[in-house]
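>>> Build me a structure from this.
(chains A and B)
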Amino acid sequence: MARLIKSYIATALFLLLLLSLWEVGVHLFHVPFYILPAPSRILLVFFTSLPLLFSHGAVTLLEIGLGMFLGVSGGITLALIIFYSPFLESALYPFIITSQMIPVFAIAPLLVIWFGYGLWSKATVAALIVFFPIVVNTVDGLRSVNSETIDLLHSLEANERQIFWYVRLPASLPSIFSGLKLGVTLSVVGATIGEWIGARKGLGFLMIQSNAMLRIDLVFASILTLSLVGLLLFATVRIIELRLLQWRRPRRKPKTSGGNH
Amino acid sequence: MAKASKKAKNLGRKSLRRVILIGVMLILTPFLVGDSSPALRVMLDFFATPNHVPLFVAAEQGFFMDEGIETDILIPANPSDPLKLAAARTVEVALTPQINFIIARSAGLPLISIGTLIQTPLGGLLSLKEYGVEKLADLRELRIGYSLAPLEPVLWQTMLASVGVTSDDFQLVNVGFNTVLSLLSHNVDAIGAFRNFEVPQVALLGHEPVFFPQEDYGVPDTCEIILVTNPQLIKERPETLRAFIAGLARGITFTKQHPHDALEIFLHANPELDDALNRQAYEITLPFYADEAGNDRAEEWEKMQAYLFKNGVIKDVCPLDQLYTDQFLTDS
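Sure thing, here's the model as predicted:
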């Protein structure tokens, strides 16, 4: 517990140092407010615009939630298909990797035609970005069980379903959570980019509109809100992970996460 | 073992020092390089389009050189960059729509207009005949797509109000920047558009455009592209600015007298733009280039600013002499 508090103090101190450097730098070098506003100004706008940021943030959060749901369920399904069918693996994997090279703006028009300007087009963009780390990490997790264990289970006449539920799935949970932590961070970016395609509400929408009106302090206040949403989501995944993986919590933290040792 | 770790520590310290040194150098570079560049940096309002033909003509034909200045034409990464960068003096002159400039002025950016490139509005509402739209009032109960709030909704509401359609009688949809696509896919029934770009564009794609110019339906007259600079520059380098405006005025005159040659010069400088759409866009734009790069219509400035203020787009008004100056225009 003491250690935990200590680590928070370190974060807070570093944040304070960064913010003061920023504040001092802006005043010292006379950086104009429309290029980079001072943190004090951003915080002021953040607090005075809270209702506005909250109403836009709620829309973005909904898009993120839906995107996460689609991305995670799709990602895990794909991972299972890839793991159990070598044929489909070689058929699908190149396309899954290529899907990450496509800039969203190139397919934005398609998304708009298929899903319109509402919630679904943003959720789809988020899901497209989220599913990739989920697939890769889940496949790695499923493969992390060593062959001796499987041989032993086979000799005990366990069937594949039992092996999956009792060994493979628990063994792959740590990697799945690594993927989830990556995915949840990326989903925030995904939903924001989705809103740039065209939206009526949301933090990405607010950013574009404020930038056009040269309200750069509001742009940064939106970024601050987005970061808070991202941190909140990350913390949520982390808490679920700690709950679910209590059985494997080591006495001392190993250097690398994931894997099953 | 101890020796090795000491060595590693030393090495770590050394590379840390190196990293810090490089970091400091990287941070300082922009301050060291600074404003030493002699060329006049001119940032376009958008990527190069036929709107900018006279500017490229002046640069390519050496009109700026004749006036004793060098120019560097820059393309922005984002439509609001030219205003910000001119205010911050990272570029000397920026091209921008008059309305966006008035908004930036009201947001507190130190800027002033010194001339005009396109002296008429180019915007308006675009629909297609196949959607059953013939007159503006036909948009009642239909969907209008826009990119940027609050400006565009204000403009389109003014236009529709002038034909008796209130804002409850139509729907505004934000369609991002893919406006033409949302129109053609019938996600909306009309979009905010430019008469010299989207109108020929949909026509070339085989549709019949129906265009309503904004100034015919209650929106005050405006200049589509003006030239702005930081007021400080007027004090420090008035001769450079005068030379720039003089060179541009010559570019405009040349373009109007030799429209065909001007286009070829422009396309030679921007070969990727050589297509049917840009050639048509140029034909439409030709009458709108500002004579002598002039900017001296006080009444127009006053009306547009009052209009934006009345509709809540800007929060305060600015004295006219802080919005624009005609001191660099050559007497004709």
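
>>> Run through the residues that contact A:Glu23.
Neighbour list for A:Glu23: A:38-40 [criterion: C-beta atoms under 8 Å, 6 or more residues apart in numbering or on different chains]. C-beta here means a position set from N, CA and C on the backbone, and glycine is covered the same way.

>>> Secondary structure element for it, which one?
Assigned by DSSP states H and E, A:Glu23 belongs to helix A:2-28.

>>> Grab the nearest non-local neighbour of A:Thr225.
A:Leu53 (4.7 Å; C-beta to C-beta, 6 or more residues apart in numbering or on different chains).

>>> actually B:Ile69, sorry about that
Among residues not flanking B:Ile69 along the chain, B:Ala243 sits closest, at 4.7 Å (C-beta to C-beta, 6+ apart).

>>> Equivalent analysis for B:Ile112, please.
Nearest one to B:Ile112, counting by C-beta to C-beta, 6+ apart, is B:Pro231 at 4.8 Å.

>>> now the helix holding A:Glu23, how far from the chain's geometric center?
How far helix A:2-28 lies from its chain's middle: 24 Å, per C-alpha atoms, centre = their mean, to the nearest Å.

>>> secondary structure class for A:Ile102?
Classification of A:Ile102 by DSSP: H, G, I helix; E, B strand; the rest coil places it in coil.

>>> and it, how many neighbours?
Number of residues near A:Ile102 (other C-beta atoms under 10 Å in any protein chain shown) recorded here: 10.

>>> Tell me the spacing between it and A:Thr77.
Per C-beta to C-beta, to the nearest Å, A:Ile102 is found 21 Å from A:Thr77.

>>> quick one on the thing from earlier: report the contact partners of the residue nearest to B:Ile69.
For B:Ala243, the contact set (C-beta under 8 Å, 6+ apart) comprises B:64, B:67-69.

>>> and those, which two are the farthest apart?
Using C-beta to C-beta, these span at most 8.4 Å, a distance reached by B:Phe64 and B:Gly68.

>>> higher neighbour count, these two?
For the pair B:Phe64 and B:Gly68, the greater number of neighbours falls to B:Phe64 (24 against 11), based on other C-beta under 10 Å.

>>> what's the closest non-adjacent residue to that one?
B:Gly247 (4.0 Å).

>>> and the one you found, what is it in contact with?
Taking C-beta under 8 Å, 6+ apart, we find B:Gly247 in contact with B:58, B:63-64, B:66-67, B:69, B:71.

>>> How about B:Ala298?
B:Leu320.

>>> What residues does the stretch 51-200 of chain B have near chain A?
B:78-80, B:83-84, B:87-88, B:100, B:103-104, B:107-109, B:148-151, B:173-178, B:181-182, B:185, B:187 (C-beta under 8 Å from any C-beta of the partner chain).

>>> Which element, helix or strand, includes the residue nearest to B:Phe64?
Per DSSP H and E: B:Gly247 is located in helix B:238-257.

>>> And B:Leu233, by the same measure?
helix B:231-236.

>>> and the stretch 51-200 of chain A, which of its residues are near chain B?
Residues of the stretch 51-200 of chain A lying close to chain B by C-beta under 8 Å from any C-beta are A:108-109, A:112-113, A:116-117, A:196-200.

>>> filter those residues to the buried ones?
For these, a burial check counting by 16 or more other C-beta atoms under 10 Å in any protein chain shown picks out A:108-109, A:112-113, A:117, A:196-199.

>>> and which of the residues you listed is nearest to chain B?
A:Gly198 (3.1 Å; C-beta to the nearest C-beta).

>>> Test my guess that the closest one contacts B:Val175.
Yes - taking contacts as C-beta atoms under 8 Å, A:Gly198 lies within contact range of B:Val175: 4.6 Å.

>>> dump the residue contacts of A:Phe83.
Neighbouring residues of A:Phe83 by C-beta under 8 Å, 6+ apart: A:89, A:138-139, A:142-143.

>>> Need the phi and psi values for the residue in the stretch 1-150 of chain B that chain A sits nearest to.
Going by C-beta to the nearest C-beta, chain A is nearest to B:Ala107 of the stretch 1-150 of chain B, at 4.1 Å. With angles defined as degrees, to the nearest 10, B:Ala107 sits at phi -80, psi 0.

>>> what's the answer for the one 5 residues further on, then?
Dihedral angles phi and psi of B:Ile112 (degrees, to the nearest 10) take the values phi -150, psi 150.

>>> how many neighbours does it have?
The burial count for B:Ile112: 21, using other C-beta under 10 Å.

>>> Also A:Ser147?
A:Ser147 has 7 nearby residues by other C-beta under 10 Å.

>>> any chance you could map the helices in the chain?
I'll assume chain A. A:2-28, A:39-48, A:50-84, A:86-99, A:104-115, A:119-143, A:147-155, A:160-163, A:169-196, A:203-212, A:216-244 (DSSP state H).

>>> nope, chain B please
With DSSP H as the criterion, chain B has helices spanning B:2-33, B:53-60, B:63-66, B:81-87, B:98-106, B:151-161, B:179-184, B:198-204, B:231-236, B:238-257, B:259-269, B:276-285, B:298-310, B:320-323.

>>> Make TSV from the ones you listed and add mean pLDDT to it.
Below are those laid out as TSV (pLDDT from 0 to 100):
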stretch	mean pLDDT
helix B:2-33	65
helix B:53-60	97
helix B:63-66	95
helix B:81-87	93
helix B:98-106	94
helix B:151-161	95
helix B:179-184	89
helix B:198-204	95
helix B:231-236	94
helix B:238-257	95
helix B:259-269	96
helix B:276-285	95
helix B:298-310	93
helix B:320-323	92
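
>>> okay if I get the ones you listed as JSON lines plus distance to A:Val219?
Below are those laid out as JSON lines (distance: least, C-beta to C-beta, whole Å):
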{"stretch": "helix B:2-33", "distance to A:Val219": "21"}
{"stretch": "helix B:53-60", "distance to A:Val219": "30"}
{"stretch": "helix B:63-66", "distance to A:Val219": "35"}
{"stretch": "helix B:81-87", "distance to A:Val219": "11"}
{"stretch": "helix B:98-106", "distance to A:Val219": "14"}
{"stretch": "helix B:151-161", "distance to A:Val219": "17"}
{"stretch": "helix B:179-184", "distance to A:Val219": "23"}
{"stretch": "helix B:198-204", "distance to A:Val219": "28"}
{"stretch": "helix B:231-236", "distance to A:Val219": "25"}
{"stretch": "helix B:238-257", "distance to A:Val219": "31"}
{"stretch": "helix B:259-269", "distance to A:Val219": "34"}
{"stretch": "helix B:276-285", "distance to A:Val219": "32"}
{"stretch": "helix B:298-310", "distance to A:Val219": "21"}
{"stretch": "helix B:320-323", "distance to A:Val219": "25"}
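
>>> Return the residues in contact with B:Val188.
Counting by C-beta under 8 Å, 6+ apart, B:Val188 makes contact with B:142-145, B:173, B:175, B:182.

>>> if you set the cut-off to 6 Å instead, what comes out?
By C-beta atoms under 6 Å, 6 or more residues apart in numbering or on different chains, the residues touching B:Val188 are B:143, B:145, B:173, B:182.
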